[in-house]
Structures are given as C-alpha cells and as structure tokens.
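J.: Just a sequence and a predicted model for now, questions to come.
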Amino acid sequence: MFAPLPDDLLKSLLQPNETKIVLLVLDGLGGLPLGPAGPTELEYAYTPNMDALAADGVLGLHIPIAPGIAPGSGPAHLALFGYDPLKYRIGRGALAAAGVGLDLQPGDVVARGNFATLDPQGNIIDRRAGRIPTEEAAPLVERLARIRLPGVEVTVRPVKEYRFVLRLRGQGLSHRLKDTDPQRVGVPPFPVEPAEDTPEARRTADLLNQWVQEARRVLANHPMANGVLLRGFATDPQLPRFGERYGLRPAAVAEYPMYRGVARLVGMDVLDLEGTTPEALFRTVQKHWASYDFFFVHYKPTDSRGEDGDFFGKARAIEAVDRALPLLKDLRPDVLVITGDHSTPAKWRSHSWHPVPLLLWAPASCRTDDQYRFGENACLHGGLGIFPAVHLMPLMLAHAGRLKKFGA
Ligand code: ZN
C-alpha cells in the first residue's frame, strides 16, 4: 500500500487538458453473499451496461480508510475525493450545515439538532419527536430561529423531519463540546458541557445551555417536539479546494444533504437536480456537461436498501442505475468511474470494511483486464488490484491525461 501523495507533489504534476471525468458513487455499493458461494447484491443484479463497461474498462477494489475499518460516508467520500481521511476530519455538525447550504467560517460553532419529546419531569420519551414531518418541523425551527444570545449571531436551519442545524458565529467560541443526546430514553438530556478546559469552551457551553433552556420555553406547548438534543459540535474544517487541488472545474449531483454538504466543503458547485431517479441525476449531468470537467454523482438508495437488510431491493437499485447508464456514456466522458464509498452488505444492515468494487472506464487510456462483469469477485481479479481509496483521484487524473511524469 502507498501513502497518500503529498499535496504539493500532485499539484506540481498537474497539466491542463480538456478531458472530462465522471465519478459515479453508488453509496454502500459493496456487499456480501447471503450464503456461502452465493452472489453479492452487485453480482446478483442484472447489469448489462455496467458489464459492457467492465469488459472495455478495468476493475479493482478500493479500501476506503484502512483494512478492517468500516467508515462513515463523510470520511469515505473525502477519501474518494483524494483527501486523506485521517488527516482531514469533518465534524458531523459541519457536514450537516454544509448540506443545507449554511456557510461556515473559521471560528463558527455548528451542531446537529433533533427535536425530542420530553415528559413533564424533563425525561426523554422519544429522541426523534415521533419523526415529525418536515412541514411540521419548519414552523418550530422558525420559533428557534428567533432566540437571541448575547454577543453571538445564532442561525437555525431545518434539515429533514425532526432534524435541524444550529450555528453560532462570534468571537471566542469553541466547538470542543460534548453531545447533549444521552442516546437513550427515560433520562433527561445532558447539559452542554465543555470537552476541554478553556474559557472559550466554557463560555460556548454556557451560551448553548441558555439557548436550550429558551428552546424548551418556546416549544413547550408542542405535543411531540417540546425539547431539543444537540450533537456533533464542529467548526469549519478548512479543507483545501478541490478545483485548485486538481486543476478541475468540479460539480456535484447529489440529492441527500450530507453528500451535498461534503461536496460543498471541498468547494464543488452543487447543482440543482432535475429529479432524484438515476435518469434525472444523469440528465442533470447532461444539462451542465459543458460547464464542468469533473462530475461527482451520488446515488443513495443502494446504501439505504443495504441498511434496510433488503438484498433484492439493493440489487434492484443497482439495476435502476444500470438502465439509465447509457445517458452518461453517451456524453462520452474520458474517464468514468463507478464505485461505492464503502460496503453496506444487506446481510449486515450496516456499513462494513470490505473493499469496495470499482470500475474504471477510459477508452483512450485504460489497460483492459480480462474481466467482463462488474462484481466483487471480478474486481478482485481486475487490473487495478486493491488500493487505498485516496489514490483514486490521481488514477482518474492520469487516465484523463492530466498528470505529467514525475522526475526526469
Ligand atoms: Zn455511504
């Protein structure tokens, strides 16, 4: 295994080109067979279009973080984008904020919030307030947004259903704070407490505790959402800009806030969608084809069906992407990669560490292997071998004719 390339080395090798790259991420693509010697979800799925690309392209497996480490989608995407996920850490709050288009500046403090149901004694009955729908949560978020704190600017934005994002902006704040969500019911929420002994952390905790108290007051008459939980305190991760790092004009085509968020945090343009089916995602790429030369396309249902434990549903989600794939191929990208950010085997209903299948199709530059079906086992025997995800960007750039040789 190779260490990630130093940022300055990669930058010194960049050369301009007109080529276009598409990175299609089927979230949680990797899977496991239901029984010994059976197919995985990807192997079970009928994917004639991906198989044709596999025959003309080259296969491999990537390891998102390190062997044996099951990643969250945030660090797994950073690795796909070529950022060492152990060096660049994004707090959950920062991802959530970016996902709803709330900008972050150095020194800001952001947190993910949940509406929760509390009993008259203040103990938690439901950590998600009965999963109240987005429409019902919106006016409650407006009430929260009116709460003022001394000396700082407070912003609250709705996310989906019972979730919101809270941002504090001002001097002398710290995000080094502990979650207030005890992760169980029958007990009261924790107060906000500093995770480090600094005046900034103590002051921020005090301010947030005032905010939580006021939130309970303005929510008191709601039958379900009468309390709040805060977690994932974070600040601006100050990630290097993807466009400058790789000499590309990057765009993201993603439905879910978290993926829109991580794309925004690395400075990609996040496009308005034509819809959320695979066809609609690819139509969005088509519409903006001339304006960008790198497209990150994110498809979530593969991961969702995996988390549901729905092996056949996950296979169908893969097939839906396959049916729409000619739309992408007809755009004639110079490099098209189809992979996942991590594995989500339906059998496990969770993310796993298993290496992730990867298909690289670059008609002008890839060294074809003898694999002709896209699946985990074929990928194991593919020409790219097994490699750390953080090397995917240099590989795509090289196949796109965008890297010079190293040394004389
Ligand atoms: Zn994921």
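T.: Right, received. Where do you want to start?
J.: what are the ranges of the strands in the stretch 101-250 of the chain?
T.: Per DSSP state E, counting those that start in this stretch, the stretch 101-250 of the chain has strands spanning 109-118, 124-126, 153-158, 163-169, 177-178, 193-194, 227-234, 250-253. These are given in chain order.
J.: between these, which one is nearest to the ion?
T.: Of all the strands of the stretch 101-250 of the chain, strand 250-253 sits nearest to the ion, with 14.5 Å by C-beta to the ion. (Glycine included, C-beta is placed from N, CA and C.)
J.: thinking again about what came up before, so which of the strands of the stretch 101-250 of the chain is nearest I63?
T.: strand 250-253 (23.4 Å; C-beta to C-beta).
J.: Average pLDDT for the closest one, rounded please.
T.: For strand 250-253, the mean per-residue pLDDT is 98.
J.: Okay, now the sheet partners of it, with direction.
T.: strand 269-270 (parallel), strand 294-299 (parallel) (DSSP bridges).
J.: near the ion, which residues of the stretch 201-350 of the chain show up?
T.: Residues of the stretch 201-350 of the chain lying close to the ion (C-beta under 5 Å from the ion) are 303, 341.
J.: In stretch 223-240, which residues are buried?
T.: By neighbour count with 16 or more other C-beta atoms under 10 Å, stretch 223-240 contains the buried residues 224-237, 239.
J.: err, stretch 202-215, not the other one
T.: By 16+ other C-beta under 10 Å, the buried positions in stretch 202-215 come out as 203-205, 207-208, 211-212, 214-215.
J.: For L208, which residues are in contact?
T.: Residues counted as contacts of L208 (C-beta atoms under 8 Å, 6 or more residues apart in numbering) are 111, 168, 177, 192, 230.
J.: Can you tell me how far the fourth one is from G313?
T.: Same thing as V192. 40 Å (C-beta to C-beta, to the nearest Å).
J.: Looking at these two, which one has more neighbours?
T.: The neighbour comparison of V192 against G313 (other C-beta atoms under 10 Å) goes to V192, with 22 against 17.
J.: wait, that one sits on H175?
T.: No. Under the criterion of C-beta atoms under 8 Å, V192 lies out of contact with H175, with a separation of 11.2 Å.
J.: Next, show the common contact partners of those two.
T.: T204.
J.: Please tell me how far whichever helix in the chain runs longest is from the chain's geometric centre.
T.: Counting residues, the longest helix found in the chain (DSSP state H) is helix 199-219. With C-alpha atoms, centre = their mean, to the nearest Å as the basis, helix 199-219 stands 29 Å off its chain's centre.
J.: likewise stretch 128-135?
T.: 23 Å.
J.: ok, back up a step: of the strands paired with strand 250-253, which stretch is the most buried?
T.: strand 294-299 (a mean of 26; mean count of other C-beta atoms under 10 Å).
J.: Next secondary structure element downstream of it?
T.: Per DSSP states H and E, the first helix or strand lying C-terminal to strand 294-299 is helix 301-308.
J.: Contacts for that next one, please.
T.: For helix 301-308, using C-beta under 8 Å, 6+ apart, the contacting residues are 26-29, 31, 41, 73, 313-314, 316-318, 320-321, 340, 344-346, 349-350.
J.: Buried residues in that helix, which are they?
T.: Those would be 301-307, for helix 301-308 by 16+ other C-beta under 10 Å.
J.: all helices for the chain, in order.
T.: 7-13, 41-44, 48-56, 73-80, 92-99, 134-145, 199-219, 242-246, 257-265, 278-287, 301-308, 311-329, 376-380, 392-399.
J.: pull the CA atoms of the shortest one into PDB?
T.: Spelled out, it's helix 41-44. The C-alpha coordinates for helix 41-44 follow below in PDB (Å, rounded to 0.1, in the frame of the first residue of the first chain):
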ATOM      1  CA  GLU A  41     -26.000  -7.800  -4.400                       C
ATOM      2  CA  LEU A  42     -24.000  -6.400  -7.300                       C
ATOM      3  CA  GLU A  43     -23.300  -9.800  -8.700                       C
ATOM      4  CA  TYR A  44     -26.900 -10.800  -8.400                       C
END
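J.: packing partners for that helix?
T.: If you count contacts as 3 or more C-beta pairs under 8 Å, 6 or more residues apart in numbering; DSSP states H and E, helix 41-44 packs onto helix 311-329, helix 376-380.
J.: can we see that at 6 Å?
T.: The helices and strands touching helix 41-44, judged by 3 or more C-beta pairs under 6 Å, 6 or more residues apart in numbering; DSSP states H and E, are helix 311-329.
J.: My read is that G375 contacts L42, right?
T.: Yes. The pair G375 / L42 is scored as a contact, 5.1 Å apart, by C-beta atoms under 6 Å.
J.: Among the two, which residue is more densely surrounded?
T.: L42 (26 against 23).
J.: For the more buried one, report the pLDDT, please.
T.: For L42, pLDDT reads 98.
J.: Could you do L32 as well?
T.: 98.
J.: Need the phi and psi values for it.
T.: The phi and psi values for L32, taken as degrees, to the nearest 10, are phi -140, psi 150.
J.: List the residues that contact it.
T.: L32 makes contact with 345, 347, according to C-beta atoms under 6 Å, 6 or more residues apart in numbering.
J.: how far does stretch 216-234 sit from the chain's center?
T.: That offset, for stretch 216-234, works out to 26 Å (C-alpha atoms, centre = their mean).
J.: do stretch 115-125 as well
T.: On C-alpha atoms, centre = their mean, the centre of stretch 115-125 falls 31 Å from that of its chain.
J.: Could you find the closest non-adjacent residue to E244?
T.: With C-beta to C-beta, 6 or more residues apart in numbering as the criterion, E244 has its nearest non-adjacent residue at 7.8 Å, and that residue is G267.
J.: burial count for the one you found?
T.: Neighbours around G267, by other C-beta under 10 Å: 14.
J.: any idea how far it is from L239?
T.: From G267 to L239 the distance is 8 Å (C-beta to C-beta).
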